[in-house]
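> sequence and predicted structure below; questions after.
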Amino acid sequence: MSNIPQDAVKIEVNGATVDFFKLEKDGQSSYYFDTSKEGPPHPMVNAMSGLALIKGTNDTLVMINHKMPGGLFAKLEDDVKYVSEDIDGGLVKVVFSYNADAQSESDLSQTSCGG
């Protein structure tokens, strides 16, 4: 859990299969989850559940995963922005945010990894 800020508070998230945490700072919330020890479909399921939390907000969602979630990225439309970086331990950190100027909307119910 070292990739989750120590002062983040555990929360319940509808549809999640791993623990989620919330950190509020300067009027903005960041939500965190770690699927680095989980296989499919957990990264996709939890990302979609977390993205529902930030939809239409200025909040962010932070995913810690064992690899770049290419299947997830392929399912996202331009309403979801993301930046990714490699972090210690061979893991990947992806920070998602909402794009208010989007022309299309992601279907957050698409939680399967295939196609």
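Cool, the structure landed.

> low-confidence stretches in the protein?
1, 113-115 (pLDDT under 70).

> and the next element down the chain from the longest helix seen in it?
For the chain, the helix with the greatest residue count under DSSP state H is helix 42-54. Counting by DSSP states H and E, the next helix or strand C-terminal to helix 42-54 is strand 60-65.

> what's the angle between that next one and helix 42-54?
Counting by axes from the mean of the first three to the mean of the last three C-alpha atoms, to 10 degrees, strand 60-65 points 170 degrees away from the direction of helix 42-54.

> dump strand 60-65 to CSV, keeping only the CA atoms.
What follows is strand 60-65 as a C-alpha-only set of coordinates in CSV (Å, rounded to 0.1, in the frame of the first residue of the first chain):
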residue,chain,number,x,y,z
THR,A,60,-8.7,12.5,-10.2
LEU,A,61,-8.5,8.7,-10.1
VAL,A,62,-5.2,7.0,-9.5
MET,A,63,-4.7,3.4,-10.6
ILE,A,64,-1.6,1.4,-9.5
ASN,A,65,-1.3,-1.6,-11.8
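
> distance of residue 97 from residue 9?
In this view, residue 97 and residue 9 are 20 Å apart by C-beta to C-beta, to the nearest Å. In this view, the C-beta of every residue, glycine as well, is placed from N, C-alpha and C.

> who's more crowded, the two?
Between residue 97 and residue 9, residue 97 has the larger neighbour count (other C-beta atoms under 10 Å), namely 17 against 10.

> which helix or strand contains that one?
According to DSSP H and E, residue 97 maps onto strand 91-98.

> that strand pairs with which strands?
Applying DSSP bridges to the sheet, strand 91-98 is found paired with strand 60-65 (antiparallel), strand 80-87 (antiparallel).

> would you mark the buried spots in it?
91-94, 96-98 (16 or more other C-beta atoms under 10 Å).
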